[in-house]
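Asker: next comes the sequence, and after it the predicted model I'd like to discuss.
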There are 2 protein chains.
Amino acid sequence: MKIVVLKFGGTSVGSIDKIRNISNIIQDYKKKGNKVIVVSSAMGGVTNDLIKKSRMISKNFSDAEYDVLVSSGEQIACSLIAGKLIDKGYKSRSWLAWQIPILTNGHYKNSRINQIGKKEIIKYLKKGGIPIIAGFQGVNNEKRITTIGRGGSDASAIMLSKFFKAQRCIIYTDVEGVYTTDPNKLINAKKIKEISYEEMLEMASLGAKVMQPVSIQDARLNRIDIEVKSSFKKKSGTVITKKSNISNNRIITGITSTINDAKVTLVGVKDKPGVAASIFKPLSKNLINVDMVVQNISANGKETDLTFTIKSDDLIKTKKIILRNKNIVYRDLKFDKEVSKISIIGVGMITTPGVTFRMFQKLADKKINILVISTSEIKISVLIEKKNVTKALKALHKEFGLNK
Amino acid sequence: MKIVVLKFGGTSVGSIDKIRNISNIIQDYKKKGNKVIVVSSAMGGVTNDLIKKSRMISKNFSDAEYDVLVSSGEQIACSLIAGKLIDKGYKSRSWLAWQIPILTNGHYKNSRINQIGKKEIIKYLKKGGIPIIAGFQGVNNEKRITTIGRGGSDASAIMLSKFFKAQRCIIYTDVEGVYTTDPNKLINAKKIKEISYEEMLEMASLGAKVMQPVSIQDARLNRIDIEVKSSFKKKSGTVITKKSNISNNRIITGITSTINDAKVTLVGVKDKPGVAASIFKPLSKNLINVDMVVQNISANGKETDLTFTIKSDDLIKTKKIILRNKNIVYRDLKFDKEVSKISIIGVGMITTPGVTFRMFQKLADKKINILVISTSEIKISVLIEKKNVTKALKALHKEFGLNK
């Protein structure tokens, strides 16, 4: 059976008109002879309204009841989509998590899907039906509703693709796909035709908001090809797939930049074993994520300057923790929020030497100072002054041939 | 186990403040040592919003998907109520129809409850939990959601009372109870303390909007005492119970009046067998309900005048059917919308002779002409001119001692 999973996000089903629109998309796939499984999010805005209600009831609203509450949003969207398809003459019906069932590991508000019942859906597909499955929800083994945490309905679509061995999983959203860099920041940004899971993971972790990293990881582990595309424009999107499927021999696939990083520098720290641990341990305990770290040994060899980056939101908390900690000895403490992290991402850099050099040289040419560096196998990140972000993005985008 | 079923209607849970209010009511019952089962409708307005959405999707929206759609309303209300009780420190949780399960006869949009699973709820009650059960919904034996038709959440409350052998079933609504007559029409109207199922059935059928006749009938068949009361005022309401529980020796319990009746008169109909059937059969086929009927034999004994009443809404349709029917021979056809039906209801009239006479005499005293009469064991209805309604209500209300 040639099964296609189509997932529609909140903006794609955000109004009756938009539901009419996606019913046409579903119809197109059906007409081409596919067995179509639809997964839907709640209509845009509905989930937030429900969450607002729960907060009005209690600042500490029960997790289990939260899941009962918010899962009604997908129930509403699915019944309306099925109703529209029936109105068009198709055999269709909504399926809620308990009806399939979609079984989770049991955690409220943040579940993972363990198992999906296939029998009923397969029978229904064979009869020519179009099942409209509520995303974001599952049931635990106590027969209670548990919602999927980060990734939400995307995770549902990917797990359904896995269990039903779908040939394609298409995520319809409000953007046309994944871009070489944020089109709002650089007009030259180009839509990427194909991207590897690993690159997409880096892009997502570094700020590309198309999909949650956890969903990309699910797709990677289960070798599910995902196409991300717009439900509003008839254009091909971006396919997220395994490296070996990508023919294109580019070095760099995308460039990201952040605006919510902050730099912390401890000047004149005593250079002795355990000093870094004494600084980072209390931060980690307080769930503050330290990203880039650099340590310069001072001229006399007895002192060192320690610099690291955190999210700007964590700045006040970090300051308090360091000032409170009597074990950390230093001469001066500096904070800088006017910084930005620029990253170039590409599996091509594994096999192409000199990428780092080209990046640094280009930034030097543009008189952009590099404050901190961090690298992984397929990514190079540098911290620069915020005022230079656009200049850097533009220069690097051109340098690595992404304008074409 | 001393179980109390508390049912809250849409206006009683219409806002977060109102949910806070009913959580106090629930708490009061719990503190008095009751095992409390709560049944809730959707928050006021939610169901209508959902129905509106379905109509925007299709004028002929699927019945099965309609049930999936609208049942989300009760899901939302129940999770919020449970959330509020948990916030107050109580053990509580929402229960949806599929989780109990509440099994229906299977019809979409208009199901009846056949069976309710007791095991889990009983276990939960024994542990001190307060189950918040979604009204208006059930599941059929195909594991699909089916909503309860007329009566809705009231029917759910009554059937839960039956299966759990509840000592009391309390319907919280936006009125204080059942009145001797509509308080909006007669300032002297008094709240009735106790009313029999049979009287309440007549009152409901004749326009008292407190409960649907079908729910009263359910209660009657299962001998469930119902108390109808306001969730906004701390006052006792009206208990609907069996005749033998009512000590009070009044003759008349309540008086109703309608404003949506119309009178049809066929003048000079040939008085031969089958003539009435030839008129009423096509009306019945067209689902037009004929209420009161009177036939006067004319002086010469060959012709008759046939008068009957219908709902005003059916007047145009009725006119068309009669005019179209060539088998009906008459001299003249008259219609009158300026009529109203006044009914006095009371089980006391079974054992008290002369009630009819007292009613007719009182109306005659007030110079109110009676156009048509119909009676049952516990009810006398008369059709009068609409302009006389208030005068008649006032006179009869006093005559039968209901002002006290």
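Answerer: Good, I have the coordinates.

Asker: return the helix or strand in chain A with minimum mean pLDDT.
Answerer: Every helix and strand in chain A was compared by mean pLDDT, DSSP states H and E; the lowest is strand A:293-297, with a mean of 80.

Asker: just checking, what packs against that strand?
Answerer: Here strand A:293-297 touches strand A:303-311, strand A:372-376, going by 3 or more C-beta pairs under 8 Å, 6 or more residues apart in numbering or on different chains; DSSP states H and E. C-beta: built from backbone N, CA, C; applies to glycine.

Asker: so which residues make contact with it?
Answerer: Where contact means C-beta atoms under 8 Å, 6 or more residues apart in numbering or on different chains, the residues beyond strand A:293-297 that reach it are A:Asp271, A:Ala276, A:Thr304, A:Asp305, A:Leu306, A:Thr307, A:Phe308, A:Thr309, A:Val372, A:Ile373, A:Ser374.

Asker: that one vs strand A:372-376, what angle?
Answerer: Put simply, strand A:293-297 runs at 120 degrees to strand A:372-376, going by axes from the mean of the first three to the mean of the last three C-alpha atoms, to 10 degrees.

Asker: CA atoms only for strand A:293-297, dumped as CSV, please.
Answerer: Provided in CSV are the C-alpha atoms of strand A:293-297 (Å, rounded to 0.1, in the frame of the first residue of the first chain):
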residue,chain,number,x,y,z
VAL,A,293,33.2,28.3,26.3
VAL,A,294,36.7,29.8,25.8
GLN,A,295,39.5,30.0,28.2
ASN,A,296,42.6,32.2,27.6
ILE,A,297,45.7,31.6,29.7
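
Asker: low-scoring stretches of chain A, by residue?
Answerer: Counting by pLDDT under 70, chain A shows low-confidence ranges at A:207-208, A:298-299, A:301.

Asker: middle-most residue in it, spatially?
Answerer: Residue closest to the average C-alpha location in chain A (C-alpha atoms, centre = their mean): A:Gln212, at 2.3 Å.

Asker: show me where the stretch 101-250 of chain A has helices.
Answerer: Taking DSSP state H, counting those that start in this stretch, the helices of the stretch 101-250 of chain A run over residues A:119-126, A:152-163, A:197-205, A:213-221.

Asker: reformat the ones you listed as JSON lines; add mean neighbour count and distance to B:Ala157.
Answerer: Output for the helices of the stretch 101-250 of chain A, formatted as JSON lines (neighbours: other C-beta atoms under 10 Å in any protein chain shown; distance: least, C-beta to C-beta, whole Å):
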{"stretch": "helix A:119-126", "mean neighbour count": "15", "distance to B:Ala157": "32"}
{"stretch": "helix A:152-163", "mean neighbour count": "26", "distance to B:Ala157": "35"}
{"stretch": "helix A:197-205", "mean neighbour count": "23", "distance to B:Ala157": "49"}
{"stretch": "helix A:213-221", "mean neighbour count": "21", "distance to B:Ala157": "43"}
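
Asker: quick revisit: which one of the contacts of strand A:293-297 is nearest chain B?
Answerer: Nearest to chain B out of those is A:Thr309 (C-beta to the nearest C-beta; 39.1 Å).

Asker: residues from chain A in reach of chain B?
Answerer: With C-beta under 8 Å from any C-beta of the partner chain as the criterion, chain A meets chain B at residues A:16, A:19-20, A:50, A:53-54, A:56-58, A:60-62, A:64-66, A:68-69, A:71-72, A:75-76, A:78-80, A:82-84, A:86-87, A:93-94, A:96, A:98-99, A:143-144.

Asker: now intersect these with the helices, please.
Answerer: Among the residues of chain A next to chain B, the ones falling in helices (DSSP state H) are A:16, A:19-20, A:50, A:53-54, A:56-57, A:64-66, A:68-69, A:71-72, A:75-76, A:78-80, A:82-84, A:86-87.

Asker: what's the residue nearest to the centre of chain A in contact with, if anything?
Answerer: A:Gln212 neighbours (C-beta under 8 Å, 6+ apart): A:Arg150, A:Gly151, A:Gly152, A:Asp154, A:Ala155, A:Ala204.

Asker: which of the contacts of strand A:293-297 count as buried?
Answerer: Neighbour-count burial (16 or more other C-beta atoms under 10 Å in any protein chain shown) applied to the contacts of strand A:293-297 gives A:Asp271, A:Thr304, A:Asp305, A:Leu306, A:Thr307, A:Phe308, A:Thr309, A:Val372, A:Ser374.

Asker: now do the contacts for the last one.
Answerer: The contact partners of A:Ser374, by C-beta under 8 Å, 6+ apart, come to A:Asp291, A:Met292, A:Val293, A:Ile380, A:Ser381.

Asker: other SSEs contacting the longest strand seen in chain A?
Answerer: The longest strand of chain A (DSSP state E) is strand A:332-345. If you count contacts as 3+ C-beta pairs under 8 Å, 6+ apart, strand A:332-345 packs onto helix A:197-205, strand A:254-257, strand A:261-270, helix A:315-324, strand A:379-385, helix A:389-399.

Asker: coming back round to it: out of the contacts of A:Gln212, flag the one nearest to B:Asp336.
Answerer: Nearest to B:Asp336 among the contacts of A:Gln212 is A:Gly152, at 62.3 Å by C-beta to C-beta.
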